[in-house]
Each structure stands twice: as C-alpha cells, then as structure tokens.
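S.K.: give me a 3D structure for the following:
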Amino acid sequence: MEQVKPTRMELMKKKAQIKLAEQGRDLLREKMDALIGEFFKILSSVSDSRDELEQVSRAADLALLIAEATDDPVTLASAAFATRRSIMVGITGKNIMGVPVPVIEKKRVSKNMLERGYGIITTSARIDETAERYEVELDLLIKLAESETAMRRLGSEIQMNRRRVNALEQILIPELKSQAKYIKNAIEEREREDLFRLKKVKSILEKKKKKVKEKRMAGMR
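M.R.: Sure thing, here's the model as predicted:
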C-alpha cells in the first residue's frame with residue numbers, strides 16, 4: 001500500500017478522492033451506455049446496407065457476365081474504359097457523444113447514358129444495365145464506408161471507456177478505500193491509546209492525590 005499519513009486531514013482527502021472517482025466512474029458508465037446505444041443504431045443500418053450491397057453486387061456481376069457473353073468484347077472494353085474516372089469526395093466530420101466521426105460528402109455516382117462517356121448507338125442495353133448496376137454498388141460502398149468507419153470509432157471509444165471504468169472500479173477506488181480504512185483504523189487505534197494513557201495518568205494522579213491526603217490526615221493526628 002502507498003504510504004499515507006494517518007491524519008484526519010488525510011482521511012478527509014481520501015474520502016473526497018473516493019467521491020470524485022465514483023462520480024467519474026458513474027459518468028463514464030452513462031457515456032458508455034449512450035455510446036453503445038448509438039453503436040447498435042449504426043450497426044443495424046450497416047447490417048441492412050451490407051445485405052443490400054450483397055444483392056446489388058450479385059446483380060452487377062450477373063449483368064457483366066451476360067454482357068461479356070453476348071456483346072462484342074472490343075465494344076465492352078471501350079465502354080468500360082470510357083466510364084473510368086476518379087470520384088471526388090469531400091470528408092467533413094461530426095460528433096457522436098463527443099466521438100469525431102467522418103461524414104462523406106459526394107455527388108451521386110449513378111449517371112444516365114449520356115453522362116457515361118461512351119457512344120449510346122454502338123453499345124447495347126446490356127452494357128447500360130451493367131454500368132448502372134455497378135454505379136449503384138459504388139454508391140452503396142461509399143455510404144457503407146462512412147457508416148463502418150463511424151461504427152469502428154464508436155467501438156474503440158466504448159472499449160476505452162470500459163477500460164477506464166474497470167480501472168476506476170477494480171483498482172483506483174478499492175485502493176483509495178483501503179487507504180481510507182487504514183487511516184481510519186490508525187486514528188481509532190491512536191485514540192484508544194491516547195484514552196488508555198489518559199486513564200493511566202488520571203489513575204496515577206488520583207493515587208498521588210490520595211497519598212497526599214492520607215499524609216495530611218496522619219499529620220493532623
């Protein structure tokens with residue numbers, strides 16, 4: 001145990017530290033409960049988005065297989081090359097219970113036939129459908145990336161808060177209470193010793209007083 005002074009002032013200090021640590025633990029618990037609530041809200045949305053993405057991805061892959069099987073490979077490759085372009089996204093942020101999470105700002109990826117950059121006369125409806133399905137998949141991927149990043153950050157914050165609560169609850173608070181108990185016991189022991197000495201001194205004084213009184217009475221005789 002850390003060496004502590006067994007004084008009333010130190011005991012008051014330890015009690016104040018215990019109260020502060022317990023308040024901090026309770027606040028962290030409240031924050032953790034709120035974070036867990038937000039985490040599961042996002043988790044539900046992510047789960048739905050993943051299911052939707054899986055369906056859209058399968059549909060896009062199927063559309064591509066059909067286009068590859070029925071359309072001219074050169075035309076298909078030309079259309080694929082024409083639609084290749086970078087996607088610009090802006091990333092800002094927001095706070096969820098004090099946790100910074102990203103917000104992805106972007107223009108919608110999905111385009112109409114004239115915006116894709118390939119000739120609409122030389123390409124088939126199957127190529128259009130393939131492009132459309134992959135654009136929808138890309139939109140969902142960007143949306144999912146934002147949600148999953150937020151979920152990971154909330155998860156990390158929950159774990160950190162849990163470690164802090166455990167440290168307070170299992171280490172700091174018990175240690176402070178143990179120190180306070182030690183100080184209290186030491187003070188009580190010292191008070192008992194002081195009382196014992198006081199009684200002993202009082203007894204000695206009373207005996208001396210009695211002897212003096214007896215001598216006086218003996219002298220009077």
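
S.K.: longest single helix anywhere in the protein?
M.R.: Looking across the chain with DSSP state H, the single longest helix is helix 8-70.

S.K.: tilt between the helix or strand harbouring Arg162 and helix 8-70?
M.R.: Per DSSP states H and E, Arg162 falls inside helix 125-167. Orientation check (axes from the mean of the first three to the mean of the last three CA atoms, to 10 degrees): helix 125-167 against helix 8-70 gives 170 degrees.

S.K.: which parts of stretch 143-160 are buried?
M.R.: Residues of stretch 143-160 classed as buried: Lys143, Leu144, Glu146, Ser147, Thr149, Ala150, Met151, Arg153, Leu154, Gly155, Glu157, Ile158 (neighbour count, 16 or more other CB atoms under 10 Å). Where C-beta positions appear, they are placed from N, C-alpha and C, glycine not excepted.

S.K.: cool, stretch 36-49 as well?
M.R.: Residues of stretch 36-49 classed as buried by neighbour count (16+ other CB under 10 Å): Glu38, Phe39, Ile42, Val46, Ser49.

S.K.: now the residues you listed as CSV including distance to Ile104?
M.R.: Listed next are the buried residues of stretch 36-49 as CSV, based on distance: CB to CB, whole Å:
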residue, distance to Ile104
Glu38, 18
Phe39, 19
Ile42, 14
Val46, 14
Ser49, 13
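
S.K.: any idea which of the residues you listed is closest to Leu62?
M.R.: Ser49 (20.2 Å; CB to CB).

S.K.: now the closest one: how far from Ala167?
M.R.: 36 Å (CB to CB, to the nearest Å).

S.K.: so what's the residue count around Asp71?
M.R.: For Asp71, the neighbour count with other CB atoms under 10 Å is 16.

S.K.: isn't it up against Arg126?
M.R.: Yes - the pair Asp71 / Arg126 is scored as a contact, 6.0 Å apart, by CB atoms under 8 Å.

S.K.: give me the pLDDT for Lys202.
M.R.: pLDDT for Lys202: 84.

S.K.: and it, how many neighbours does it have?
M.R.: So Lys202, with other CB under 10 Å, has 10 neighbours.

S.K.: state the helix or strand in which it lies.
M.R.: Take DSSP H and E as the rule and Lys202 turns out to sit in helix 173-220.

S.K.: now do the helix holding Arg162: which elements does it pack against?
M.R.: On a contact count with 3 or more CB pairs under 8 Å, 6 or more residues apart in numbering; DSSP states H and E, helix 125-167 meets helix 8-70, helix 73-83, strand 89-96, strand 99-106.

S.K.: and these, which one is worst for confidence?
M.R.: helix 73-83 - the lowest mean pLDDT of those, at a mean of 69.

S.K.: for Ile187, list the residues it contacts.
M.R.: Shown in contact with Ile187 (CB atoms under 8 Å, 6 or more residues apart in numbering): Pro6, Thr7, Arg8, Leu11.

S.K.: correct me if wrong, but the first one is in a strand.
M.R.: The one in question is Pro6. No - assignment of Pro6 by DSSP: H, G, I helix; E, B strand; the rest coil gives coil, placing it outside any strand.

S.K.: the residue nearest to it when sequence neighbours are not counted: how many residues sit nearby?
M.R.: Leaving aside its sequence neighbours, Pro6 sits nearest to Ala186 (CB to CB, 6 or more residues apart in numbering; 3.4 Å). Using other CB under 10 Å, the number of residues around Ala186 comes to 16.
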